[in-house]
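In: coords please:
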Amino acid sequence: MALKVNGIAVFNIVDGNTITCYNSGNLGGTTMYKCSAKAQLVMDQVRARCQSDTQTNNKWTGRSGNYMYIMGRENADGKATGVVHKISEDGSHKLCGSFKIMSDGIITRFTGLSKADWNSFMNSAETEYKAKYSETAPAEETTAEKVAV
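Out: From the prediction side, this is the model:
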């Protein structure tokens, strides 16, 4: 949720994930998009796929053609959302769907990407999240330490 201070929305921690800025790449790298850390890591996986397919930040080759995503508005709860366009042979594009990545990194909708891609991106993002952020989290007590004496 966003907290308003003097009429300005200030983003805070959402579901244990830190809200971070994500460069959408849609406007030459100048626009920043805020979403949760886990949603950002999933978007990074999508962006890596785009780089490998088309050497761009937001276009990829799917099973039934070429697609591009455009980031939508920022969400106070940390979701990453936007629209997906299908690119025609002549280079024009038309809206064909949308995407939604929840703040916990779960893809609920991403037109143009297969479920196998979704699962791969979510698993890679979860692994990266644990590697980056679990070492800074306080260590949990072991069961032996919790036993009353």
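
In: list phi and psi for Y129.
Out: Backbone dihedrals for Y129, given as degrees, to the nearest 10, come out at phi -60, psi -50.

In: how near is it to C96?
Out: 30 Å (C-beta to C-beta, to the nearest Å). For every residue, glycine as well, the C-beta is placed using N, CA and C.

In: what does S64 give?
Out: Counting by C-beta to C-beta, the gap from S64 to C96 is 10 Å.

In: ditto for R49
Out: 17 Å.

In: where do the helices sit along this protein?
Out: For the chain, the helices defined by DSSP state H occupy 37-54, 115-133, 143-146.

In: buried deepest among those helices, which one?
Out: helix 37-54 (a mean of 21; mean count of other C-beta atoms under 10 Å).

In: pLDDT (mean, whole number) over that helix?
Out: Mean pLDDT, helix 37-54: 92.

In: contacts for it, please.
Out: 17-20, 22, 25, 35, 56-61, 66, 69, 78-80, 101-105, 107, 110, 113, 117, 120-122, 124-126, 128-129, 133 (C-beta atoms under 8 Å, 6 or more residues apart in numbering).
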